[in-house]
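> Below is the sequence, then the predicted model.
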Amino acid sequence: MKSVLSGRKIVLGISGGIAAYKATYIVRLLVKAGAVVKVIMTPSARDFVTPLTLSTLSKNPVLSHFTNEEDENDLWNNHVELGLWADLLLIAPATANTMSKMVNGAIDNLLLATYCSAKCPVYFAPAMDLDMYKHPSTQANFEKLTSYGNIMIPAGDGELASGLSGKGRLAEPHEIIEFIEQDIQSKLPLSGKACLITAGPTYEAIDPVRFIGNHSSGKMGASIAIELANQGAQVQLIMGPSAVSTEHHLINRVDVKTAQQMYDAVHKIVHEVDVAIFSAAVSDYRPLNPVDQKIKKKSETLSIELVKNPDILASVGVMKNKPFLVGFALETENEMEHAFAKAEKKQTDLLVLNSMRDKGAGFGVDTNKITIIDKDKNIFRFETKLKTEVAKDIVNEIIKRIL
Ligand code: CTP
C-alpha cells in the first residue's frame with residue numbers, strides 16, 4: 001500500500017530534548033513510507049542522539065551548522081535551498097525553547113534559519129515536561145505557531161522522563177506519521193469524493209473454453225483509478241479480466257468478466273458516487289446461447305448468434321441524478337464526428353477520444369494520445385504521453401469542473 005508520503009522530500013528538524021532519541025524511529029518510518037529525508041539537528045540535539053545514527057537511517061548527511069566543518073572548503077549549508085527543497089518540514093521533537101524562537105523569528109541555528117525560509121507546510125510535535133507544557137508562555141506559543149499556519153501534532157499523555165506523569169510526551173513516531181498522512185490526505189482536491197471507474201475488456205462466453213473479447217489491457221483505466229486515489233478520492237474500480245495491478249488503500253476493486261456483470265456492479269453503486277468514468281472496452285455483443293460443452297469442429301462453417309449487451313455508460317447517462325460522467329471513444333476513422341455523436345448520445349460531461357490511427361495510442365501500449373471533448377463541445381488536444389501522465393491530464397480536467 002503506497003503512503004501519501006511516498007516520494008515527498010521531507011526535512012526533519014530535531015531539537016534538543018530527551019525525546020530526540022525517538023527521532024530515529026521517525027526517520028525510519030518516513031524512509032519506509034518512501035519519503036526522501038534530510039535531517040537538521042540543533043547543536044543541543046546532538047547531545048541526545050548521534051548524527052551518525054540519523055545519517056545512516058536517512059541515507060543523507062545530517063546538518064547542524066551553517067557551514068560544513070568536515071568539508072575543507074568550509075561549504076555553506078544553504079538554509080534557503082533546504083527550505084525550498086522540502087515538500088514538508090517536520091520539527092520533532094519541538095522543545096519549548098525552539099518553539100519560542102520559532103514564534104519570535106530568532107535565528108541562532110540552521111534549523112531555525114530553515115524554518116524561517118521554508119515555503120512548505122510545517123508540522124511541529126512538541127515534547128517537554130508537564131509544567132513547561134502547561135506554562136502560559138508555552139500555551140501561547142502553540143497558538144501563535146498555529147496562527148502562522150504551522151500544524152501542531154498534539155503531545156501525548158503519560159509517563160515523562162522527569163518521573164512526572166501528564167501531557168508533554170512526544171507523540172509516538174507511528175502516530176506522528178499517521179497524523180501527517182491523514183492531514184495531507186484530507187487536503188487533497190478529491191478528498192471526500194467517491195468515484196467509480198470501469199476498466200479492461202469484457203469476456204463473453206461462447207462455450208466453456210472460448211469467449212468473445214478484445215485487446216484492452218486495463219492499463220489506462222488502472223492509471224486513472226490510481227491517479228484519482230492519489231488525489232484523495234475513494235475509488236470503486238470495476239475491472240474486466242486484466243492482470244494489471246491497482247494496489248492503493250483508496251481503491252476498492254471488483255473483478256468482473258462479462259458486460260452484464262459489469263453493468264450490475266456499476267448499478268449497485270453508481271447512485272452513491274460523484275464521478276463515474278467508463279474506460280472499459282465493453283463487448284457490444286454476446287453469444288445468445290453459450291453452450292455448456294466445448295463446440296466440436298464438425299462443420300466447415302459455424303455461425304454464432306449474438307445479442308446486444310446493455311450499454312452501461314448510456315444507462316447511466318439517462319439517470320436523473322447522475323454523477324459527473326466521463327466516457328471514452330476508441331475510433332478508427334472519422335474520429336471527431338463519431339466522438340461528438342457518442343458524447344451527445346451517451347450524455348457525457350467529458351468524452352475522451354483515442355484514435356487507433358495515432359501512433360502510441362490504443363491497446364496494450366504504455367502510452368496514449370487523447371483528445372477531450374466537453375459538454376459545450378470544446379476540444380482539448382493532448383500530446384502522446386505515458387498512460388500514467390494521460391491519467392493526470394484526465395483527472396485534472398475532471399477536478400477543474402467539479403470543484
Ligand atoms: N460502453 C459501455 N457499455 C457498452 C459499450 C460501451 O459502457 N456496452 C462505454 C465505453 O466504456 C466507452 C463508451 O461507452 O466509455 C464508448 O464505447 P465504444 O466502444 O467506443 O462505443 P460504442 O457505444 O460501443 O459504439 P461503437 O462500438 O459502435 O463505436
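That came through, no problem. All of these numbers come straight from a predicted model, not from anything done at the bench. Numbers count the residues shown, from 1 in each chain.

> Residues of the stretch 201-350 of the chain that sit close to the ligand?
Contact residues (Cβ under 6 Å from any ligand atom) of the stretch 201-350 of the chain with the ligand: 259, 278, 280, 282, 284, 309, 311-313, 327-330, 342. Any C-beta I mention is one placed from the backbone N, CA and C, and that applies to glycine too.

> Around Leu313, count how many other residues there are.
25 (other Cβ atoms under 10 Å).

> what stretches of this protein score poorly on pLDDT?
Applying pLDDT under 70 to the chain picks out residues 1, 68-75, 77.

> Domain map for it?
By the record's domain assignment, the chain is partitioned as 9-186, 194-285+304-402 (automatic domain parsing).

> Verify the stated contact: Met99 with Glu143.
No - Met99 lies out of contact with Glu143 (Cβ atoms under 8 Å); the separation is 11.0 Å.

> Closest one of the residues of the stretch 201-350 of the chain next to the ligand to Ala361?
Leu330 (8.8 Å; Cβ to Cβ).

> ok so, going back, of all the domains of the chain, which one is nearest Lys2?
domain 194-285+304-402 (6.2 Å).

> Could you list every helix and strand in contact with the helix or strand Ser100 falls within?
Using DSSP states H and E, Ser100 sits in helix 96-104. The helices and strands touching helix 96-104, judged by 3 or more Cβ pairs under 8 Å, 6 or more residues apart in numbering; DSSP states H and E, are strand 88-94, helix 110-117, strand 122-126, helix 136-147.

> and the angle from the second one to helix 96-104?
What that stands for is helix 110-117. Angle between the axes of helix 110-117 and helix 96-104 is 30 degrees (criterion: axes from the mean of the first three to the mean of the last three Cα atoms, to 10 degrees).

> on that earlier part again, next one: the helix holding Ser100 to chain centre, how far?
Here the centre of helix 96-104 is set off from its chain's centre by 34 Å, with Cα atoms, centre = their mean, to the nearest Å.

> center of the protein, which residue is that?
Asn230 (1.7 Å; Cα atoms, centre = their mean).

> For that residue, give me its contacts.
Val4, Leu188, His248 (Cβ atoms under 8 Å, 6 or more residues apart in numbering).

> follow-up on the earlier one: comparing Met99 and Glu143, which shows the higher neighbour count?
Met99 (23 against 11).

> Next, the buried residues of the top helix by length along the chain.
Across the chain, the longest stretch assigned as helix under DSSP state H is helix 387-402. Applying a neighbour-count criterion of 16 or more other Cβ atoms under 10 Å, the buried positions in helix 387-402 are Lys387, Thr388, Glu389, Val390, Ala391, Lys392, Asp393, Ile394, Val395, Glu397, Ile398, Ile399.

> any idea how far the third one is from Met220?
From Glu389 over to Met220 the distance is 11 Å, taken as Cβ to Cβ, to the nearest Å.

> Next up, phi/psi of the residue nearest to the centre of the chain, please.
phi -60, psi -30 (degrees, to the nearest 10).

> Determine how far the last residue of stretch 91-102 lies from the first.
Distance between the boundary residues of stretch 91-102 (Cα to Cα, to the nearest Å) amounts to 11 Å.

> I meant to write stretch 13-21 there.
Where stretch 13-21 begins and where it ends lie 13 Å apart, using Cα to Cα.

> ok, now stretch 356-372?
15 Å.

> On the three-state scheme, the nearest residue to Lys2 once chain neighbours are set aside is what?
Counting by Cβ to Cβ, 6 or more residues apart in numbering, His248 is the residue found nearest to Lys2 once chain neighbours are left out, at 6.2 Å. When classified by DSSP: H, G, I helix; E, B strand; the rest coil, His248 comes out as coil.
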